[in-house]
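Engineer: Give me coordinates for this.
(one chain, ligands or ions: 1)
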Amino acid sequence: MLANLDPLILARMQFGFTVAFHIVFPAFSIGLASFLAVLEGLWLATGRQVFMDLFKYWIKIFAIAFAMGVVSGLVMSYQFGTNWSVFSDKTGPVLGPMMAYEVLSAFFLEAGFLGVMLFGMRKVGPRLHFAATLMVAVGTFFSAFWILAVNSWMQTPAGYGTNPQG
Ligand code: HEM
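Structural biologist: Numbering: from 1, shown residues only. Predicted coordinates for the structure are as follows:
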């Protein structure tokens with residue numbers, strides 16, 4: 001039955017499945033990163049152990065959600081090339097920079113400070129660790145900002161020009 005399906009429909013089904021899978025994890029990691037920053041801030045401000053206990057509990061769930069977000073997100077980046085190669089070719093000059101800003105401003109920030117957040121408490125001390133948690137939280141917001149900017153342009157494309165080559 002699948003052999004009779006239009007390749008466009010198949011490509012949409014595949015991408016739809018992946019993006020539906022991906023969005024579950026940012027929904028967790030964007031909220032949890034900020035929640036973790038609040039918990040650690042409260043622990044630093046009050047010294048109450050309960051905040052650190054909660055932090056240690058939720059950081060494990062955050063790490064899994066984050067890892068799944070990375071894995072499912074990477075697949076979609078490849079699907080831009082495999083499923084939507086002509087679209088990527090035509091819109092690359094507009095969408096490419098925004099996605100590059102996402103990598104540079106969000107993914108680098110998250111990836112760099114995630115290591116400190118997960119493994120660095122004893123190595124860098126509580127205050128610097130808190131700064132790392134904040135950076136990861138800010139990074140998740142930047143991620144969402146740039147990808148939503150891409151989506152916004154796809155819905156209402158504006159501010160670009162075409163040359164004779166198209
Ligand atoms: C076509 C759409 C999308 C693509 C190609 C994409 C791609 C990616 C990639 C490659 C990663 C892993 C980055 C790393 O190496 O750290 C990632 C993670 C992430 N994405 Fe997406 N993404 C898409 C849609 C979205 C949407 C709609 C949101 C939320 C509004 C979002 C939010 C995030 C966040 C917060 C992360 C980092 C945290 C995590 O892994 O959960 N993404 N995405």
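Engineer: C-alpha from now on. contacts and neighbour counts both.
Structural biologist: Will do.
Engineer: Which of the three states applies to Gly159?
Structural biologist: Assigned state for Gly159: coil (three-state reduction, DSSP: H, G, I helix; E, B strand; the rest coil).
Engineer: What separation is there between it and Asn151?
Structural biologist: The gap separating Gly159 from Asn151 is 15 Å, by CA to CA, to the nearest Å.
Engineer: same deal with Pro164?
Structural biologist: Taking CA to CA, one finds Pro164 at 26 Å from Asn151.
Engineer: that older thread, for Gly159 and Asn151, indicate the residue with more neighbours.
Structural biologist: Asn151 (13 against 7; other CA atoms under 10 Å).
Engineer: looking at it, Phe80 is touching Asp89, isn't it?
Structural biologist: No - counting by CA atoms under 8 Å, Phe80 stays clear of Asp89, with 9.7 Å between them.
Engineer: what about Gly166, distance to the ligand?
Structural biologist: Note on Gly166: its distance to the ligand, by CA to the nearest ligand atom, to the nearest Å, is 24 Å.
Engineer: repeat for Thr140
Structural biologist: Going from Thr140 to the ligand by CA to the nearest ligand atom gives 4 Å.
Engineer: Tell me which helix or strand the residue positioned nearest the centre of the chain sits in.
Structural biologist: Nearest to the mean C-alpha position of the chain, counting by CA atoms, centre = their mean, stands Ser143 at 4.8 Å. In the assignment (DSSP states H and E), Ser143 maps to helix 126-155.
Engineer: list the helices and strands that helix packs on?
Structural biologist: The contact analysis (3 or more CA pairs under 8 Å, 6 or more residues apart in numbering; DSSP states H and E) places helix 126-155 against helix 7-46, helix 85-101, helix 108-119.
Engineer: got the contact list for the following helix or strand past the shortest one?
Structural biologist: Next along the chain after helix 108-119, taking DSSP H and E as the criterion, comes helix 121-124. Identification of contacts with helix 121-124 by CA atoms under 8 Å, 6 or more residues apart in numbering yields 116, 129.
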